[in-house]
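[1] the sequence and its predicted three-dimensional model are supplied below.
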Amino acid sequence: MVKISPSLLSANFACLDTEIQSVTDAGVEWLHYDVMDGHFVPNISFGYSILGDVKKVTDLYLDVHLMISSPQQYVDEFIKNGASLITFHYEALESTEEIHDLIKHIHEAGVDAGISIKPNTPVDVLKPFLNDLELVLIMSVEPGFGGQSFQPTSLDKVKELKALQKDYHYVIEIDGGINAETGKQAVEAGVDVLVAGSYIFNNTDRKEAVKSLR
């Protein structure tokens, strides 16, 4: 069954522990934590200290998505504060060697590693790294802001990764514009994990929202 990873970016931070408990009660397995620096993407979200607070109130798998420049400079702080998975952007690093080094560093800390690509980045760039990844994240919107419309071309990338998946051990995640309709399309294309923010957190019946994505 597909895993659901609600994006905390859409939660009400005035009552974060209650928000996390509500999606836990709705039956999710993961929690998506979007980190934005105002440089790699044109928006700023939260850093590693809030992740530490989140870790204190949940046992969910913490799916940390670094939409930041120079992720290698900050990754240790997210690891210290409880990340289960660190996903960084292919576009944020300058060389194949830097990417391999960062994946190795994450693994040496006992944390899962993932790479994300923006809508205009082809899947082919990931082939040198697929053997070392636990997750590949396909962005179905331009990273930086919630509430954008789903880009259907992302499904072609999912299908490419699905065709390759049998030779590796990664799961395929998709993020951006996910609702009951686009979520179904993504699952049919081969997605293993759906990230949904506003669709879940803006829904008065979160259990039903999660159920509709399956």
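    Received, thanks.
[2] so which bits of stretch 183-202 are buried?
    For stretch 183-202, burial by neighbour count (16 or more other Cβ atoms under 10 Å) applies to 183-187, 189-201. To be clear about C-beta, it is placed using only N, CA and C from the backbone, and glycine gets the same treatment.
[3] that stretch spans what distance, first to last residue?
    With Cα to Cα, to the nearest Å as the measure, stretch 183-202 spans 16 Å from end to end.
[4] before we move on, what about stretch 53-62?
    Counting by Cα to Cα, you get 12 Å between the two ends of stretch 53-62.
[5] ok so, going back, which of the buried residues of stretch 183-202 fall within strands?
    Under the assignment DSSP state E, those contribute 193-196 to strands.
[6] need the max-distance pair from those residues.
    The two members of these with the most space between them (Cβ to Cβ) are 193 and 196, at 10.3 Å.
[7] and for those two, which residues touch both?
    Contact criterion Cβ atoms under 8 Å, 6 or more residues apart in numbering; residues bridging residue 193 and residue 196 by contacting each: 4-5.
[8] so the residue positioned nearest the centre of the chain, which of the three states?
    Residue closest to the average C-alpha location in the chain (Cα atoms, centre = their mean): residue 65, at 5.0 Å. Put simply, residue 65 is strand when judged by DSSP: H, G, I helix; E, B strand; the rest coil.
[9] for residue 128, same thing?
    Remark: residue 128 carries the secondary structure label coil [criterion: three-state DSSP].
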